[in-house]
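*Asks:* I'd like to go over a predicted model; first the sequence, then the structure.
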Amino acid sequence: MLKKLSAIILENEHDYEMNINWLLAFLDLQKKKKMKAIMYLIGAPGLIEQIDQVFARSKIPWKNMQNLELCFSLRELRVRFLKRAMLNEFGRIIFTGFSRLFFESFLDINKNTPHVIYDIHMLGGVQEFLEAMAIPKQFQIKYLHYLFQAKKNLLKIYNIFPAFKKLYYYYGLSKGELINGKYPLYLPLYKGGVPAQSYIYSAGNHLRDYPVLLESLAKLPGHKALLRANNPEYRNLARDHLGCFYNKPINYLDFIKETAASKLVVLPLQDKANKCCGLSFLAHAMALGKPVIATACDSTKGYIQDGINGLLVSPANPTQLTLKMRLLLSDVKLAKKLGQNARKTVGKEMDLAKVLLKITN
């Protein structure tokens, strides 16, 4: 009997970073004939443009590649997927979150087919599902325990938030269903090779503590910083700070080049950052072999070993952050070692091509 296809469902059309990485890893594995799978993807115009940039030199007609279902709306993706799912064509179905389509597939259409969630959004969508089912609040957790336990042999969850595994247990996902990992990336996209310039780099919005970063930079005269954040408050802070500059939003591929060209990367997080935050930017910088300084919190401690593949600083401590930045700016060997070890960590634990081979087989 021929082995059935695995189906990979990418529903979030706005998550360019994840979609670009997953699509490139999928196309690479398909080209090498290492994976028997089909991918459903919403081809938002901005995403299409950036993938075209990647394949511009090779002139590979990636849009016509076998087993790539390029859709132009969530509705079209749902129709195309369910058309084949109802015929029981899939041996395994992979989602990147607890979406409505996942629950529809898992509970009804493909209820006897193994499902995998590579949970990029930490249980995002579960609450929406419970509300859509009109389950009273006092019974919601019990219902989830019943649901996941009843079908525990058909579900695996890859958790990229090591410090938050107890939250999954709380929702009824036992150790048997939960596999701990890290944020995966398509490594050939992060070759680097861009000559390092003199600026210190930071980016992102969620729970960032840019006032602390700017206060620290004030004690490092002569060193420039580039801050990339969409929040107007952060932009104004950067504009008002001598030596810190801000540019308009750029696409993801240019974002990679901009990070690669930095001297070092700083991820400043607020003292209240007990939730998951900053991991995609952290993984992105580590993959490029950048020396990283990050605020010590549950999220970052799962990725950075202090003094081995990066440096950790206490929350809301501009003096300590200044000392760490000064250390890396002056100690070139240490900065290089931390960056190299960060890249090795990504290669060993965050290689998306290896992840896809594992979860589709």
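*Replies:* Nice, thanks for sending it over.
*Asks:* mind listing the strands for this protein?
*Replies:* 5-10, 37-42, 68-71, 90-95, 115-119, 155-159, 178-180, 200-203, 225-228, 244-245, 264-267, 292-295, 311-313 (DSSP state E).
*Asks:* Paired strands for the fifth one, with orientation please.
*Replies:* Note on strand 115-119: by DSSP bridges, its sheet partners are strand 90-95 (parallel), strand 155-159 (parallel).
*Asks:* where in the chain is pLDDT low?
*Replies:* Applying pLDDT under 70 to the chain picks out residues 1-3, 57-59, 193, 232-249, 273-275.
*Asks:* Span of stretch 92-99 from start to end?
*Replies:* 17 Å (C-alpha to C-alpha, to the nearest Å).
*Asks:* What of stretch 180-189?
*Replies:* 24 Å.
*Asks:* closest to Q127 out of the strands of the chain?
*Replies:* With C-beta to C-beta, the closest approach to Q127 among the strands of the chain belongs to strand 115-119: 14.1 Å. Every C-beta, even on glycine, is put in place using the N, C-alpha and C of the backbone.
*Asks:* Strand 5-10 and that closest one, what's the angle between them?
*Replies:* For strand 115-119 against strand 5-10, the angle by axes from the mean of the first three to the mean of the last three C-alpha atoms, to 10 degrees is 30 degrees.
*Asks:* Output the strands paired with strand 115-119 in JSON lines, with mean neighbour count appended to each entry.
*Replies:* Shown next, in JSON lines, are the strands paired with strand 115-119 (neighbours: other C-beta atoms under 10 Å):
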{"stretch": "strand 90-95", "mean neighbour count": "21"}
{"stretch": "strand 155-159", "mean neighbour count": "20"}
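*Asks:* May I see those strands organised as a markdown table, with distance to E49 added?
*Replies:* Shown next, in a markdown table, are these (distance: least, C-beta to C-beta, whole Å):
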| stretch | distance to E49 |
| --- | --- |
| strand 90-95 | 26 |
| strand 155-159 | 29 |
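*Asks:* got the domain boundaries for the chain?
*Replies:* The record assigns the chain these domain ranges, following automatic domain parsing: 5-186+351-360, 190-348.
*Asks:* I figured L154 was touching P114, is that so?
*Replies:* Yes. If you go by C-beta atoms under 8 Å, L154 and P114 touch, sitting 5.2 Å apart.
*Asks:* and the closest residue to G172 other than its chain neighbours, how many neighbours does it have?
*Replies:* Excluding its sequence neighbours, the residue lying closest to G172 (C-beta to C-beta, 6 or more residues apart in numbering) is H145, at 3.5 Å. Residue neighbour count, defined by other C-beta atoms under 10 Å, stands at 15 for H145.
*Asks:* H145 and N110: what is the separation?
*Replies:* Look at H145 and N110: by C-beta to C-beta, to the nearest Å, they are 22 Å apart.
*Asks:* Using PDB, write out every CA atom in stretch 304-318.
*Replies:* Taking Å, rounded to 0.1, in the frame of the first residue of the first chain, the C-alpha atoms of stretch 304-318 are listed here in PDB:
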ATOM      1  CA  ILE A 304      20.000  31.300  26.000                       C
ATOM      2  CA  GLN A 305      22.600  29.800  28.300                       C
ATOM      3  CA  ASP A 306      24.200  32.800  29.900                       C
ATOM      4  CA  GLY A 307      27.800  33.100  28.900                       C
ATOM      5  CA  ILE A 308      27.600  30.200  26.400                       C
ATOM      6  CA  ASN A 309      25.400  31.200  23.500                       C
ATOM      7  CA  GLY A 310      24.400  34.700  24.600                       C
ATOM      8  CA  LEU A 311      24.200  37.000  27.700                       C
ATOM      9  CA  LEU A 312      21.300  37.500  30.100                       C
ATOM     10  CA  VAL A 313      20.600  40.700  32.100                       C
ATOM     11  CA  SER A 314      18.200  41.400  34.900                       C
ATOM     12  CA  PRO A 315      14.900  43.200  34.000                       C
ATOM     13  CA  ALA A 316      14.800  47.000  34.300                       C
ATOM     14  CA  ASN A 317      18.500  47.200  34.900                       C
ATOM     15  CA  PRO A 318      20.100  49.700  32.500                       C
END
